[in-house]
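1. mind folding the following:
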Amino acid sequence: MNDEKVITSNDVFAMRRSGDIEQAYKMAKILMENPNHSEWDIRAFAWCIIDLIKRAKKHNQSEEVETYSAELKKLK
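-> As a prediction, the model looks like this:
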């Protein structure tokens, strides 16, 4: 029997709200690996990326801004 908890977009949003953007991003990436990910999974992932872009801009990390921006553009 598998005891692993299934991650949902609600879990990702809750993790973001708690302030742990890195963990939320990791969870969202797992959601996106599912070929049948939902619209809400995409939204959760996108908001994590947006938060990471904002943080990178605040810290003048232009390379990270470019990396995350490219990842966000792929969601179109």
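2. going forward, measure contacts and count neighbours with C-alpha atoms only.
-> Fine.
3. pull the longest helix seen in the chain out as CSV, backbone CA atoms only.
-> The single longest helix within the chain, with elements called by DSSP state H, is helix 39-58. Coordinates of each C-alpha in helix 39-58 appear next as CSV, following Å, rounded to 0.1, in the frame of the first residue of the first chain:
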residue,chain,number,x,y,z
GLU,A,39,-6.3,24.0,-15.2
TRP,A,40,-6.0,24.6,-11.5
ASP,A,41,-2.6,22.8,-11.5
ILE,A,42,-1.4,25.1,-14.2
ARG,A,43,-2.6,28.2,-12.2
ALA,A,44,-0.9,27.0,-9.0
PHE,A,45,2.3,26.4,-11.0
ALA,A,46,2.1,29.8,-12.7
TRP,A,47,1.5,31.7,-9.4
CYS,A,48,4.6,30.0,-7.9
ILE,A,49,6.7,31.1,-10.9
ILE,A,50,5.3,34.6,-10.6
ASP,A,51,6.2,34.8,-6.9
LEU,A,52,9.7,33.5,-7.8
ILE,A,53,10.1,36.1,-10.5
LYS,A,54,9.1,38.9,-8.1
ARG,A,55,11.6,37.6,-5.5
ALA,A,56,14.3,37.4,-8.1
LYS,A,57,13.6,41.0,-9.3
LYS,A,58,13.7,42.3,-5.8
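4. quick check: buried residues in the helix or strand just after it?
-> Note on helix 39-58: by DSSP states H and E, the next helix or strand toward the C-terminus is helix 62-73. By neighbour count on 16 or more other C-alpha atoms under 10 Å, the buried set for helix 62-73 is Glu64, Val65, Tyr68, Leu72.
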